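In: Make a model of this:
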Amino acid sequence: MKSEHRHDLKTNDLAKSLLTFQDYAREYGGRVILGLVIVILAIVLIMQRMGNTGATQAKVRDDLAYARNQIDRLNHIRVFDDGRPSVRPAEVDSVRKLLQEIRDKATDKSVLAAATVALGDYSWALANYPDLPAATTQPSLKPDKDRADLLKDAQSAYQQVITEYPDDILSNITARFGLAAVAENQSNWDEAKKQYEAVKAMSTPAADTYKILADAKLKQLEAIRQPVLIGTVAEKAELPKPPATAPTTTAPATTQAMPTPTTKPSATTRPSPTTKPTK
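Out: This is a model prediction of the structure:
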């Protein structure tokens, strides 16, 4: 009897549980399903965002490569015999805006640093764009900013790399060489020397190759910064020395007055023995 009673109790408990689950599902089932849908949608959105971010960063790198290519064109400009340049500033005027967009969208610090370096290189290339005679009538043949302003833009971009991305070694090295170039252009020899010495002081192995270049630049800098001699010393230095074999036009008068062998009396002019008087 006791075992049958226990079996009846278990059967009743199971029936009550089933009734309770149905009631629970009837009352809370809609909310549970809604919660599951929200979770699934959140996962889908996260996956889409991750995919979009990856695509965006890939496009950022592609845009940076394109910008570098345009800057390289500026750095290797050629002017043909008819005065036409191989690249006009107007053809690459979108590079500045493109680099700014890259800096707004990029999340990788190395990409941000490289884009900032490229911005400095772009301004530097435009600052060194040749003056074309036709630019007076064709605005597309000259940069949109003055040379002095472009140099300031380049200097600002290079300095920003050093300040904001100190851990990016290669970008920092490039930026320091850029700052040195701007300083040399402005005859600021001490600043240029400071930047080259900063490259030589880097302890990372990645900078070893650039240390050699920095040392060579320092030696060139010492030669460039030497003052040009003017005045009397410069005039003496510029006097051409006459060739050793060339005749001089200022021979001493004593030399000119010296008799030549042809002026000596010859034997035919002397009195002969036959002209002596006879006794």
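In: ok, the residue lying closest to residue 116 once chain neighbours are set aside to residue 84 distance?
Out: Among residues not flanking residue 116 along the chain, residue 161 sits closest, at 4.9 Å (CB to CB, 6 or more residues apart in numbering). In this view, the C-beta of every residue, glycine as well, is placed from N, C-alpha and C. Using CB to CB, to the nearest Å, residue 161 is found at 35 Å from residue 84.
In: just residue 108 next, same as before
Out: Where residue 84 is concerned, residue 108 sits at a distance of 39 Å (CB to CB).
In: With residue 205 instead?
Out: Computed with CB to CB, the distance linking residue 205 and residue 84 is 46 Å.
In: Name the residue in residue 161 and residue 84 with the higher neighbour count.
Out: residue 161 (26 against 12; other CB atoms under 10 Å).
In: show me what contacts the more buried one?
Out: Counting by CB atoms under 8 Å, 6 or more residues apart in numbering, residue 161 makes contact with 113, 116, 117, 120, 168, 171, 172, 174, 175.
In: again, but for residue 72
Out: Contacts of residue 72 (CB under 8 Å, 6+ apart): none.
In: is it true that it lies in a helix?
Out: Yes. Assigned with DSSP: H, G, I helix; E, B strand; the rest coil, residue 72 falls within a helix.
In: Mind pulling the model confidence for it?
Out: As predicted, residue 72 sits at a pLDDT of 96.
In: again, but for residue 225
Out: Per-residue pLDDT puts residue 225 at 78.
In: And the nearest residue to it once chain neighbours are set aside, how close does it get to residue 218?
Out: Nearest residue to residue 225 in three dimensions, chain neighbours excluded: residue 189, at 4.2 Å (CB to CB, 6+ apart). For residue 189, the distance to residue 218 equals 11 Å [CB to CB].
In: which ones are touching residue 151?
Out: 123, 124, 127, 182, 185, 186.
In: Please point out which parts of stretch 57-69 sit buried.
Out: Buried residues in stretch 57-69, counted by 16 or more other CB atoms under 10 Å: 60, 63, 64, 67, 68.
In: of those residues, closest to residue 149?
Out: residue 67 (20.1 Å; CB to CB).
In: Please identify which helix or strand holds the residue nearest to residue 116.
Out: Residue 161 is part of helix 147-164 when elements are defined by DSSP states H and E.
In: What average pLDDT does that helix get?
Out: Helix 147-164 comes out at a mean pLDDT of 96.
In: Dump the C-alpha coordinates for the helix or strand following that helix into PDB.
Out: The helix or strand immediately downstream of helix 147-164 is helix 169-185, counting by DSSP H and E. Coordinates of each C-alpha in helix 169-185 appear next as PDB, following Å, rounded to 0.1, in the frame of the first residue of the first chain:
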ATOM      1  CA  ILE A 169      59.400  53.800 -34.700                       C
ATOM      2  CA  LEU A 170      59.400  54.000 -38.500                       C
ATOM      3  CA  SER A 171      56.900  56.800 -38.700                       C
ATOM      4  CA  ASN A 172      58.900  58.700 -36.100                       C
ATOM      5  CA  ILE A 173      62.200  58.200 -38.000                       C
ATOM      6  CA  THR A 174      60.500  59.500 -41.200                       C
ATOM      7  CA  ALA A 175      59.000  62.500 -39.400                       C
ATOM      8  CA  ARG A 176      62.400  63.400 -37.900                       C
ATOM      9  CA  PHE A 177      64.000  63.300 -41.300                       C
ATOM     10  CA  GLY A 178      61.100  65.500 -42.600                       C
ATOM     11  CA  LEU A 179      61.600  68.000 -39.800                       C
ATOM     12  CA  ALA A 180      65.300  68.100 -40.500                       C
ATOM     13  CA  ALA A 181      64.600  68.800 -44.200                       C
ATOM     14  CA  VAL A 182      62.200  71.700 -43.300                       C
ATOM     15  CA  ALA A 183      64.800  73.100 -40.900                       C
ATOM     16  CA  GLU A 184      67.500  72.900 -43.600                       C
ATOM     17  CA  ASN A 185      65.200  74.700 -46.000                       C
END
